[in-house]
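In: Give me a model of this one.
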Amino acid sequence: MSLSRRHLFGAAALASLAGVTSCAKPYTPEVIEGDGGKDALLENLRIHTPKTLAFSAPTTGFGTHGLLKSGLVGKVSLDYWVSMESLQSLITSDATDFVAVPMNVGANLYNKGVDLKLAAAVVWGMLYVIGPANATKDDLGQLKGKKIGVPYPNNMPDIVFRYLLKESGLSDKDVEIVSFPTGQELMSTFVKGDLEWALLPEHAMSVALMKSKKSGREVSRAIDLQQVWANVTGLPARFPMAGIAVPGRIAKDTKLMAGLFEELTKSVAQVNSASDETIAEINKRTGVPAPIIKQVIPRLQLNAVVGAEAKDDISDLFTRLATLNPKFIGGKVPDADFFLADPR
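Out: Next comes the predicted model:
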């Protein structure tokens, strides 16, 4: 039932970018009390996310939009998962109820027999290539004969990039790909000037731009991989990178799930509004400076789309990427039972 070590490491690294800019004191996991207490349908909703901007931001304000007054949930506990082993343990030991996951990790666990359902796709693309200030915008062809750093081997950023290269008429023989285990390590190498090009997710991309500018180096957000995706597929400039999964026992309770879907939708809308209060709360959780948070939120493309409604987009993404490496999703595209329908 366990994932391969290689895919465990890569996905865990993808979810560990919070340390890139964290400068505040460690955030203490919080508990938000409601009105229902022990009489609620679920006494304690245990939410787990990585401590990253992209993964944790969508749950900002979760519980304050009516859920805790509905009688469905007595209180909300917000905590973090720190490794793929801990994530799998949380799910299989019934120690979590609502968990943020990279999209391929949720599929992989499900395909390995873990009782897990996709409640919603939430993060719809956050991958960019940083390069010279005079780079041609959104053109992968300019990378021919060049060297580029790419993080998380055999996981979403790496496989998306290789797929887009292939669809653009290039291969790893045309472009020298230098693999890095984490985005933080790659970002540091780029900022030091040891690389001309690097693929980075947000918020590492915005941090790299900021630090390069401070050092006097002229660089640019050269290539938006979401736009390249649109160019080569004919689809919208987005793809589902991360979402919210729930254990089967939670998924079976349609009344509870209706309330959770509603709360998630409102929480994501709150984050997208980027009010000063919301930015401050995200800063408290992640340690990412407020100016970076304001820049990054629009580029995360946050949109809570119920699992069943996102099924076609997710299945299309997985079908395409699995032509390069089917193991990263557990060998196959998940069947329809993985995707929860909206009970509202």
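
In: Let me see the mean pLDDT of stretch 160-167.
Out: Per-residue pLDDT over stretch 160-167 has a mean of 97.

In: Sorry, wrong one. I was asking about stretch 67-76.
Out: Per-residue scores along stretch 67-76 average to 92.

In: Please report how far Gln295 lies from Gln301.
Out: When distance is defined by C-beta to C-beta, to the nearest Å, Gln295 is 14 Å away from Gln301. From N, CA and C alone the C-beta is placed, and that goes for glycine too.

In: Revised request: answer the last question for Gln142.
Out: Relative to Gln301, and taking C-beta to C-beta, Gln142 is found at 24 Å.

In: Please compare those two by neighbour count and tell me which comes out ahead.
Out: Gln301 (21 against 17; other C-beta atoms under 10 Å).

In: That one and Val122 touch, don't they?
Out: No. At 9.3 Å, Gln301 does not count as touching Val122 under the criterion of C-beta atoms under 8 Å.

In: burial count for His203?
Out: Applying other C-beta under 10 Å, we find 29 residues neighbouring His203.

In: I figured it hits Leu53, correct?
Out: Yes. Using C-beta under 8 Å, His203 is in contact with Leu53, at 4.7 Å.

In: Can you check my assumption that Leu78 lies in a helix?
Out: No. Counting by DSSP: H, G, I helix; E, B strand; the rest coil, Leu78 is not found in a helix; it is strand.

In: all numbers from here: first residue = 471
Out: Will do, 471 is the new start, and the previous item becomes Leu548.

In: quick one: low-confidence parts of the stretch 621-770 of the chain?
Out: Within the stretch 621-770 of the chain, no stretch has pLDDT under 70.

In: That one: strands as residue ranges?
Out: Using DSSP state E, counting those that start in this stretch, the strands found in the stretch 621-770 of the chain span residues 646-650, 667-671, 689-694, 712-717.

In: so which of those comes closest to Lys683?
Out: strand 689-694 (7.7 Å; C-beta to C-beta).

In: and the angle from that closest one to strand 667-671?
Out: Computed by axes from the mean of the first three to the mean of the last three C-alpha atoms, to 10 degrees, the angle separating strand 689-694 from strand 667-671 equals 70 degrees.

In: ok, strand 689-694: who's next to it in the sheet?
Out: Paired strands of strand 689-694, with direction, are strand 597-602 (antiparallel) (DSSP bridges).

In: and for the partner strand, what are the contacting residues?
Out: For strand 597-602, the external contacting residues (C-beta atoms under 8 Å, 6 or more residues apart in numbering) are 613, 618, 627, 630-631, 660, 666-672, 675, 678-679, 682, 688-696, 711, 769.

In: Give the PyMOL command for selecting the buried subset of those residues.
Out: Entered in PyMOL, the line below selects the buried ones among the contacts of strand 597-602, by 16 or more other C-beta atoms under 10 Å:
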select buried, resi 613+618+627+630+631+660+666+667+668+669+670+671+672+675+678+679+682+689+691+692+693+694+695+696+711+769
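
In: Distance-wise, check Gly704 relative to Val738.
Out: Gly704 is 27 Å from Val738, by C-beta to C-beta.

In: go on, Pro813?
Out: From Pro813 over to Val738 (counting by C-beta to C-beta), the distance is 18 Å.

In: Can you name the residues that contact Phe731?
Out: Counted by C-beta under 8 Å, 6+ apart, Phe731 has contacts Ala589, Ala590, Ala774, Val776, Asp812, Pro813, Arg814.

In: what distance separates the longest helix seen in the chain from the middle of the whole chain?
Out: Longest helix of the chain, by residue count under DSSP state H: helix 724-743. Here the centre of helix 724-743 is set off from its chain's centre by 17 Å, with C-alpha atoms, centre = their mean, to the nearest Å.

In: Give me the buried positions along that helix.
Out: Neighbour count says helix 724-743 has 726-727, 729-738, 740-742 buried, by 16+ other C-beta under 10 Å.
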